[in-house]
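1. Sequence first, predicted model second:
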Amino acid sequence: MENKQVDFLYKTLDDKRHENGDEYWHARDLYPLLGYKSWDSFLPAIERAKESIKSQEIPISDHFRDVKKMTSIDSRTTSEINDIRLTRYASYLIALNGDTRKKSLQGKNPIKVEHMKNNKSVRNVLEEADIRPEELPAEEDIKKIKSRHEKEKKLMERRQKKELESLTRKK
């Protein structure tokens, strides 16, 4: 995201902030600001942000709280709708995990780019060791990788020891 877009999002988020002992945002207030045309099209961005929270081993409920909200249908009728009460962190994660095709979110997301680089590096290391994670049963992945790593480490140590011995014999 470009600096102008980030500044715009910070200001926009602050404009939509609610305070009631703590600060929070309603997800329904944010989706039009982030370029979404409907609530339903915005829900996948919320789910990606929740997955991000979950991957950090943080309880989702600390940052996303389902709430009901009254909305006016016309001058005499109101209706109860589902909404999500968000912390500042959750709001930022939604913006970061949003659909980058949306005009307000265009530009490369540095976090996603870094994750992609890391994933490619890890994948290359695994392939060099002839390990294909998708071919391993889930419960055996880590055990097999650790075991193979230990075997390769011992083999390398033996080779280094032999090399040192042969070098010291030559002197």
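-> Thanks, I have the structure now.
2. Quick one: distance of the strand or helix carrying residue 169 to the chain centre.
-> When elements are assigned from DSSP states H and E, residue 169 belongs to helix 141-170. Relative to its parent chain, helix 141-170 has a centroid offset of 37 Å by Cα atoms, centre = their mean, to the nearest Å.
3. Which strands or helices does it pack on?
-> For helix 141-170, there is no helix or strand it packs on, judged by 3 or more Cβ pairs under 8 Å, 6 or more residues apart in numbering; DSSP states H and E. Where you see a C-beta, it was placed from the backbone N, CA and C, and this is true even at glycine.
4. ok, which stretches of the protein are strands?
-> 18-19, 23-26, 64-72, 78-86 (DSSP state E).
5. And the residue most central in space within the chain, what's its pLDDT?
-> What sits nearest the mean C-alpha location of the chain, by Cα atoms, centre = their mean, is residue 52, with 3.5 Å. pLDDT recorded at residue 52 is 88.
6. Give the burial count for the closest residue to it other than its chain neighbours, as a bare number.
-> In space, and not counting its chain neighbours, residue 52 is closest to residue 93: 5.3 Å by Cβ to Cβ, 6 or more residues apart in numbering. Residue 93: 24 surrounding residues under other Cβ atoms under 10 Å.
7. Surely residue 93 is in contact with residue 49?
-> Yes - counting by Cβ atoms under 8 Å, residue 93 touches residue 49, with 3.8 Å between them.
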